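*Asks:* All I have is the shape, not the residue letters:
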């Protein structure tokens, strides 16, 4: 599976308004709370989100735990392949202990709340980070060989129709750095 995704900023009021629109005009999929720990210091890792080839995370979504591996699919950061290893545990304690035994004992802790909708065959998520920081994600899953740039252009066109701003690559890098400084936490176990 390849995921093509765009993101953009929302104010609290904008998130409420956008959520109301999606509830009325789209299909509500779910709400969830997610705790994630992005690991450090593995092949393909870079602190800079635009240079990172591989992203490895522990993820707990309302007690559904998994190890996620996302790999960049193109030089211009359009599309990532996504692998998930589901865990039977309902928290990340055992996963952290196993990773520690493998030499990985530090990461970046993140906490997000999401409302997920489907509108025009696109998955739209309204995301809340701690301290009332809001943004949206829009994504489509495609198979090998798909024109990733065409899918990204389509997503941006739909965002424009909905009057939501799309982060440029540099704005996204700055936003990720802001979240890492303001609400995400470096942890060791």
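*Replies:* Perfect, thanks for sending it. Everything numeric here is computed off the predicted structure, so don't read it as measured data.
*Asks:* Pull the distance from the strand or helix carrying residue 30 to the chain's centre.
*Replies:* Assessed by DSSP states H and E, residue 30 sits inside strand 27-39. Offset of strand 27-39 from its chain centre (CA atoms, centre = their mean, to the nearest Å): 9 Å.
*Asks:* which outside residues touch that strand?
*Replies:* 22, 45, 55-62, 92, 96, 99, 104, 106-119, 123, 187 (CB atoms under 8 Å, 6 or more residues apart in numbering). Backbone N, C-alpha and C define where each C-beta goes, glycine included.
*Asks:* Could you do stretch 147-167 as well?
*Replies:* 2, 4-10, 14, 18, 21, 73-74, 76, 78-79, 120, 122, 136, 138-140, 142, 175.
*Asks:* Give the buried residues for that stretch.
*Replies:* For stretch 147-167, burial by neighbour count (16 or more other CB atoms under 10 Å) applies to 148, 151, 152, 154, 155, 158, 159, 162, 164, 166, 167.
*Asks:* and residue 89, how many residues sit next to it?
*Replies:* Neighbours of residue 89 under the rule other CB atoms under 10 Å: 14.
*Asks:* and it, that's in a helix?
*Replies:* No. Per DSSP: H, G, I helix; E, B strand; the rest coil, residue 89 lies outside any helix segment and is coil.
*Asks:* Quick check: bridge partners of residue 55?
*Replies:* residue 70 (DSSP bridges).
*Asks:* Please name the strands paired to the strand holding residue 30 in the sheet, noting orientation.
*Replies:* strand 54-61 (antiparallel), strand 106-119 (antiparallel).
*Asks:* I'd like those strands as TSV, with mean neighbour count appended.
*Replies:* TSV is the format used below for the strands paired with strand 27-39 (neighbours: other CB atoms under 10 Å):
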stretch	mean neighbour count
strand 54-61	19
strand 106-119	17
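*Asks:* In a markdown table, list those strands along with mean pLDDT and distance to residue 40.
*Replies:* Shown next, in a markdown table, are these (pLDDT from 0 to 100; distance: least, CB to CB, whole Å):
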| stretch | mean pLDDT | distance to residue 40 |
| --- | --- | --- |
| strand 54-61 | 97 | 9 |
| strand 106-119 | 98 | 6 |
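*Asks:* So for residue 26, which of those strands sits nearest?
*Replies:* strand 106-119 (3.3 Å; CB to CB).
*Asks:* I'd like the next helix or strand past the closest one.
*Replies:* strand 122-129.
*Asks:* just how off-centre is whatever helix or strand comes next after that next one within its chain?
*Replies:* Later in the chain than strand 122-129, the nearest helix or strand by DSSP H and E is strand 133-142. Counting by CA atoms, centre = their mean, strand 133-142 is centred 7 Å from the centre of its parent chain.
*Asks:* Quick check: closest non-adjacent residue to the residue positioned nearest the centre of the chain.
*Replies:* In the chain, the residue lying closest to the centroid (CA atoms, centre = their mean) is residue 137, at 7.4 Å. Nearest residue to residue 137, sequence neighbours excluded (CB to CB, 6 or more residues apart in numbering): residue 125, at 4.5 Å.
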